[in-house]
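Student: Dropping the sequence and predicted coords here.
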Amino acid sequence: MLTDDGVPVEAVYEPCTTGAGTPGGEAGEGPAAAPAIVVAHGFTGSADRPAVRRAARVFARRAAVITFSFRGHGRSGGRSTVGDREVLDLAAAVAWARELGHSRVVTVGFSMGGSVVLRHGALYAAESGAVHTAVRVPARAGRTGGSGAHADAVVSVSAPARWYYRGTAPMRRLHWVVTRPSGRLVGRYGFRTRIATGDWDPVPLSPVAAVPLIAPAPLLLVHGDRDPYFPLDHPRMLAEAAGPGGAELWLERGMGHAENAADDALLARIADWATAAPRA
């Protein structure tokens, strides 16, 4: 895929393994009649990482699946902006799902990807009928131009509520990797992640500020009570920001962080929610 700002992004498409007769699909209309789930991985992940492939296999039992590597990760081009310009990568993947014939597309993001799906849901909400004039939508000069880049429902797993959080040891280590030259070398050669230099300018819309703008698209927030990166005040802050009835919150007992900690049973429940959620 090619993003609106010209970054090539590797992506993998997998049709639903049970055909079109899945929740949210219509039997007899071919594989594209099933809904599509677009998976947004966490920082240092990629489309070929085992946890992402496992999630794709579980999701594919209920929907078609697109996995991709964010910029700076895997075989994608560019450099990671740790959640800022990545919203364009996700928009390209959602638009591709619609080009393949899927009229209903759900985004599922983990950790950094969880923050990206929240911002994407806010920035592209105008295409699903809501107009948020206070939000600057990225320029669309390429394949994601016009309609089709919005999500019909959003699932955010293990996402932060706010930027620059350093309240846990893993997040302090992550900030070292992102902000220090020696840390970026570790990211490049140790985690196969190429990280952009320089600070955000401007600072992107925060996850907690994005959440109220996602409606009318359904929103599911999932978080583990043993997450070593973001404690439970993060998902609770996001749920509160969504307002009454604006989001469904699952606090998972014993779960750690993101796609590596999501077992098959939880992934199946997420897929069931994603394919049954009403269209925005």
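Tutor: Received the coordinates, thanks.
Student: helix/strand/coil for the residue positioned nearest the centre of the chain?
Tutor: When the chain is reduced to its mean C-alpha position, the closest residue under Cα atoms, centre = their mean turns out to be Gly109, at 2.9 Å. Three-state call for Gly109 (DSSP: H, G, I helix; E, B strand; the rest coil): strand.
Student: and it, what are its bridge partners?
Tutor: The partner list for Gly109 in beta bridges (DSSP bridges) reads Ala40, Ser156.
Student: isn't it right up against Val94?
Tutor: No - with contact taken as Cβ atoms under 8 Å, Gly109 and Val94 are classed as non-touching, separated by 11.7 Å. Placement of C-beta: from N, CA and C, glycine included.
Student: in stretch 266-280, what's buried?
Tutor: If you call a residue buried by 16 or more other Cβ atoms under 10 Å, then stretch 266-280 has these buried ones: 266-267, 269-275, 277, 280.
Student: Check the gap between Arg226 and Leu174 for me.
Tutor: Distance of Arg226 to Leu174, given as Cβ to Cβ, to the nearest Å: 18 Å.
Student: who has more neighbours, the two?
Tutor: Leu174 (21 against 13; other Cβ atoms under 10 Å).
Student: Leaving aside the residues adjacent along the chain, what's closest to that one?
Tutor: Once flanking residues are discounted, Leu174 sits nearest to Phe43: 7.1 Å by Cβ to Cβ, 6 or more residues apart in numbering.
Student: Three-state assignment for that neighbour, please.
Tutor: With three-state DSSP as the basis, the three-state label of Phe43 is coil.
Student: How about the contacts made by it?
Tutor: Residues near Phe43 by Cβ atoms under 8 Å, 6 or more residues apart in numbering: 80, 82-83, 111-112, 174, 193.
Student: ok, and the most crowded of the residues you listed?
Tutor: Neighbour count (other Cβ under 10 Å) singles out Ser111 as the most crowded of these, with 28 neighbours.
Student: Please report phi then psi for that one.
Tutor: Dihedral angles of Ser111 (phi, psi; degrees, to the nearest 10) stand at phi 60, psi -120.
Student: how close does it sit to Gly45?
Tutor: Separation of Ser111 from Gly45 (Cβ to Cβ) stands at 8 Å.
Student: list the residues that contact both of the two?
Tutor: Common contact partners of Ser111 and Gly45 (Cβ under 8 Å, 6+ apart): Glu259.
Student: what packs against the strand or helix carrying Arg98?
Tutor: Arg98 is located in helix 86-99, with elements delineated by DSSP states H and E. With contacts defined as 3 or more Cβ pairs under 8 Å, 6 or more residues apart in numbering; DSSP states H and E, helix 86-99 has these neighbours: strand 11-14, strand 36-40, strand 64-68, strand 105-110, helix 112-123.
Student: Out of these, which gets nearest to Leu205?
Tutor: Each of those has some distance to Leu205 by Cβ to Cβ; the shortest is helix 112-123, at 5.6 Å.
Student: which secondary structure elements does that closest one contact?
Tutor: Counting by 3+ Cβ pairs under 8 Å, 6+ apart, the packing neighbours recorded for helix 112-123 are strand 36-40, helix 86-99, strand 105-110, strand 153-157, helix 207-210.
Student: Dump the ones you listed to TSV, plus distance to Val222 and mean pLDDT.
Tutor: As requested, the helices and strands packed on helix 112-123 are exported to TSV (distance: least, Cβ to Cβ, whole Å; pLDDT from 0 to 100):
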stretch	distance to Val222	mean pLDDT
strand 36-40	13	98
helix 86-99	18	96
strand 105-110	9	98
strand 153-157	4	98
helix 207-210	14	97
